[in-house]
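K.L.:
Got a sequence here, can you model it:
(one chain, ligands or ions: 1)
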Amino acid sequence: MSKWFIFPALHEEERGVINQELKRVERSLDLAQQSLLAQARDWAHWDDTYQFVQNNYPRYADVNFSPDMMREMRYQLIAFFDANGEIYFLSGLDPDTNQFAICAGVTDDCAWMAALIDSIQRSIDNTPEQQYFLSPGVSAPAMVSITPILRTDGSGPSAGWLAKVRLMDKQWVAQMENVTGLPITIEQRPTSDPIPFTNIEGETIHAHHLLPTNVPTISILVGTQLNRTHYLASLSTIRYVLIWTVCLMLFVIGFVLWLMERMILKPLKALAIFAKQTMSEDSNLDSALLCQRNDEIGLLARSFDQQLSRQRELNAELLNLSTHDSLTGLPNRRLFDQRLQASIHEMEASSQPLAVMMLDIDHFKLFNDHYGHQKGDQCLQQVAQALQKVATTHDFLIARTGGEEFSALLPNTSAQQAKHIGQLLHDTIDALAFPHLASPVAPYFTISVGIGSLDEGTDISPNVLMSTADQALYSAKAAGRHQVKIFTPPNADFSVVSHDTSL
Ligand SMILES: Nc1nc2c(ncn2[C@@H]2O[C@H](COP(=O)(O)OP(=O)(O)OP(=O)(O)O)[C@@H](O)[C@H]2O)c(=O)[nH]1
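P.N.:
Reported below is the predicted structural model:
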């Protein structure tokens with residue numbers, strides 16, 4: 001930014017300052033020229049001078065010329081020419097000796113003027129009144145004003161020409177420096193030399209201005225030196241401001257990033273982890289902090305939290321549906337089998353007895369046929385309720401494992417203890433006194449119970465164990481129903497009777 005905008009602007013400003021200062025030098029040069037021209041005209045448009053060059057005023061030279069006047073006015077040379085351009089009168093100060101001389105030609109004390117006078121004579125008619133002259137006779141460039149000699153009222157014809165010459169020597173330069181307040185140098189340079197407008201050396205700028213002379217191939221180079229203090233001060237100020245701006249920007253960017261990390265990224269990460277954990281059951285992330293936020297992240301967190309709660313409810317509902325019977329609400333075969341498997345392992349490990357029971361409603365088909373299927377459902381629900389009550393009291397599992405078939409799992413229970421509980425269940429259903437007029441066994445609902453058991457340490461599979469209870473149930477049914485039977489090993493035929501086979 002500083003390269004493209006600030007530094008070019010500074011350079012532009014610096015160029016403006018250089019132009020301004022150089023214009024000051026040029027204006028001073030113009031003023032010096034105008035002043036010399038005005039002084040030349042003052043003399044040239046004067047009746048006395050008009051008379052003098054026509055040889056009608058012999059005392060003119062004595063009255064008007066003196067070395068003091070020449071020195072005071074800083075005239076190096078004043079030359080009068082007649083109407084033909086021929087030398088009429090010369091007055092000058094020798095630049096080498098500072099000797100005052102007045103002559104009628106370029107001889108003797110005025111010999112040093114010869115080249116200069118020759119140049120002036122050659123430019124009398126065809127050049128402007130103000131010029132800069134270079135001449136072999138003088139060491140410094142000369143400022144020359146040439147003007148026609150007229151009467152005081154300006155009426156003509158011209159009686160000749162008056163030229164005033166002021167050297168641009170060290171004294172003149174010092175005077176210019178006083179006027180401008182700038183250091184000034186005067187040099188002669190070939191016109192064809194490419195001179196840069198400005199030249200920068202460290203903390204100084206050299207600025208130049210070319211003045212044409214009477215010699216077309218040589219120009220006067222007026223130069224001045226400008227201090228770059230102002231520019232360099234601006235530059236260092238800009239650099240200082242830039243460095244601090246960059247530091248401030250970096251600080252602000254860092255602060256904003258820190259705020260973003262703290263207010264957005266960190267909560268977003270926590271939200272992402274939270275959202276990920278909602279997928280797993282064992283989510284233990286404390287979402288309270290996230291949910292308390294009043295921004296969009298808080299909104300998202302609350303939505304996730306609600307979603308998670310709803311998902312857990314649904315999972316629990318699903319689990320319940322998949323492991324419980326929808327009609328009676330009792331555990332179903334799936335759950336019973338899982339618990340049976342686990343109990344067998346536990347009993348084997350702990351060498352404790354385990355008993356299983358199969359309970360079947362007697363002549364339920366006849367009930368359905370007699371009272372209708374709907375009444376049959378109600379009956380199943382009441383039987384389940386009664387069985388569950390006993391199971392809860394005696395701390396064992398009862399499940400609906402078939403249409404009108406139930407199974408019980410009794411850990412740490414021997415066959416005899418199981419027979420006692422079986423009898424209890426049997427009597428509980430009797431006590432319901434649910435009418436079953438179609439039953440050949442009794443006018444109310446009855447059940448048959450078969451018990452199988454796992455002796456301490458016996459290695460047995462769930463299917464085999466259940467088939468013992470099934471065979472006992474079969475035996476109870478075969479014996480006339482409405483009774484409790486325990487499986488007796490000698491009658492067992494495990495390969496024939498299956499637990500899954502419906503009675
Ligand atoms: N209402 C109702 N009836 C069912 C349901 N599940 C099974 N059943 C009926 O239960 C009856 C079982 O009949 P069976 O297997 O012949 O046995 P049972 O009539 O009880 O005879 P035993 O078991 O030999 O005493 C069938 O009629 C089934 O339709 C149920 O969910 N609701």
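K.L.:
domain ranges for this protein?
P.N.:
2-181, 235-319, 325-491 (automatic domain parsing).
K.L.:
Could you see whether the ligand lies near the last one?
P.N.:
Read it as domain 325-491. Yes. Using C-beta under 6 Å from any ligand atom, domain 325-491 reaches the ligand at 327, 360-366, 368, 373, 376-377, 380, 403-404, 477, 481. C-beta here means a position set from N, CA and C on the backbone, and glycine is covered the same way.
K.L.:
and Asn214, which of the domains of the chain is closest to it?
P.N.:
Nearest to Asn214 among the domains of the chain is domain 2-181; the distance by C-beta to C-beta comes to 4.9 Å.
K.L.:
any idea how far the closest one is from the chain center?
P.N.:
Offset of domain 2-181 from its chain centre (C-alpha atoms, centre = their mean, to the nearest Å): 69 Å.
K.L.:
again, but for stretch 388-406
P.N.:
69 Å.
K.L.:
Alpha carbons of that stretch, in CSV - could you do that?
P.N.:
Provided in CSV are the C-alpha atoms of stretch 388-406 (Å, rounded to 0.1, in the frame of the first residue of the first chain):
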residue,chain,number,x,y,z
GLN,A,388,-46.7,-61.1,37.2
LYS,A,389,-47.9,-60.3,40.7
VAL,A,390,-46.6,-63.6,42.0
ALA,A,391,-43.4,-63.2,40.1
THR,A,392,-42.8,-59.8,41.5
THR,A,393,-43.5,-61.1,45.1
HIS,A,394,-41.1,-64.0,44.7
ASP,A,395,-38.6,-62.2,42.6
PHE,A,396,-38.5,-64.3,39.4
LEU,A,397,-39.0,-63.6,35.7
ILE,A,398,-42.3,-64.5,34.0
ALA,A,399,-42.6,-64.1,30.2
ARG,A,400,-45.2,-64.7,27.6
THR,A,401,-43.4,-67.1,25.2
GLY,A,402,-46.3,-68.3,23.1
GLY,A,403,-49.9,-67.7,22.3
GLU,A,404,-51.4,-68.9,25.6
GLU,A,405,-48.1,-70.2,26.9
PHE,A,406,-46.0,-68.5,29.6
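K.L.:
For the residue in the stretch 101-250 of the chain that the ligand sits nearest to, which three-state class applies?
P.N.:
At 77.3 Å from the ligand, Leu250 is the closest residue in the stretch 101-250 of the chain, using C-beta to the nearest ligand atom. The three-state assignment at Leu250 reads helix, by DSSP: H, G, I helix; E, B strand; the rest coil.
K.L.:
count of neighbours near it?
P.N.:
Each residue near Leu250 was counted by other C-beta atoms under 10 Å, and the total is 10.
K.L.:
picking up where we left off before, list just the one of the domains of the chain that sits closest to Glu201.
P.N.:
domain 2-181 (13.6 Å).
K.L.:
tally of neighbours for Arg59?
P.N.:
9.
K.L.:
Give me the distance between it and Pro67.
P.N.:
Here Arg59 is placed at a distance of 18 Å from Pro67 (C-beta to C-beta, to the nearest Å).
K.L.:
does the spatially most central residue of the chain belong to a helix or a strand, and which?
P.N.:
Against the mean C-alpha coordinate of the chain, by C-alpha atoms, centre = their mean, the closest residue is Ile253 at 7.4 Å. Using DSSP states H and E, Ile253 maps to helix 229-260.
K.L.:
Quick check: mean pLDDT of whichever helix or strand comes after that helix?
P.N.:
Using DSSP H and E, the next helix or strand after helix 229-260 towards the C-terminus is helix 266-277. Averaged over helix 266-277, pLDDT sits at 76.
K.L.:
And helix 266-277, what's buried?
P.N.:
For helix 266-277, a neighbour-count test (16 or more other C-beta atoms under 10 Å) marks Pro267, Ala270, Leu271, Phe274, Ala275, Gln277 as buried.
K.L.:
Check stretch 48-65 too.
P.N.:
Result for stretch 48-65 [16+ other C-beta under 10 Å]: buried residues Thr49, Tyr50, Gln51, Phe52, Val53, Tyr57, Tyr60, Asn64, Phe65.
K.L.:
my guess is Ala442 meets Gly480, correct?
P.N.:
No. Here Ala442 lies out of contact with Gly480, judged by C-beta atoms under 8 Å, at a distance of 11.0 Å.
K.L.:
the helices in the stretch 401-503 of the chain, which residues?
P.N.:
415-432, 462-478 (DSSP state H, counting those that start in this stretch).
K.L.:
Dump the buried residues of helix 266-277 to a markdown table, plus distance to Gly137.
P.N.:
Formatted as a markdown table, these follow (distance: C-beta to C-beta, whole Å):
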| residue | distance to Gly137 |
| --- | --- |
| Pro267 | 95 |
| Ala270 | 98 |
| Leu271 | 98 |
| Phe274 | 103 |
| Ala275 | 102 |
| Gln277 | 107 |
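K.L.:
okay, those in TSV with distance to the ligand next?
P.N.:
Formatted as TSV, the buried residues of helix 266-277 follow (distance: C-beta to the nearest ligand atom, whole Å):
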residue	distance to the ligand
Pro267	53
Ala270	50
Leu271	48
Phe274	44
Ala275	43
Gln277	41
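K.L.:
which stretches of the stretch 151-300 of the chain have low pLDDT?
P.N.:
195-196, 230-231, 277-286 (pLDDT under 70).
K.L.:
Please name the nearest non-neighbouring residue to the residue in the stretch 251-400 of the chain positioned nearest to the ligand.
P.N.:
The minimum distance from the stretch 251-400 of the chain to the ligand, using C-beta to the nearest ligand atom, falls at Gly376 (2.5 Å). Nearest residue to Gly376, sequence neighbours excluded (C-beta to C-beta, 6 or more residues apart in numbering): Asn368, at 4.4 Å.
K.L.:
Just the C-alpha atoms of the strand or helix carrying that neighbour, please, in CSV.
P.N.:
For Asn368, the element it lies in under DSSP H and E is helix 364-371. Only the C-alpha atoms of helix 364-371 are listed here, as CSV (Å, rounded to 0.1, in the frame of the first residue of the first chain):
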residue,chain,number,x,y,z
PHE,A,364,-57.9,-72.0,25.4
LYS,A,365,-59.0,-72.8,21.9
LEU,A,366,-62.4,-73.8,23.3
PHE,A,367,-62.5,-70.5,25.2
ASN,A,368,-61.8,-68.6,22.1
ASP,A,369,-64.4,-70.6,20.2
HIS,A,370,-67.0,-70.1,23.0
TYR,A,371,-66.4,-66.5,24.1
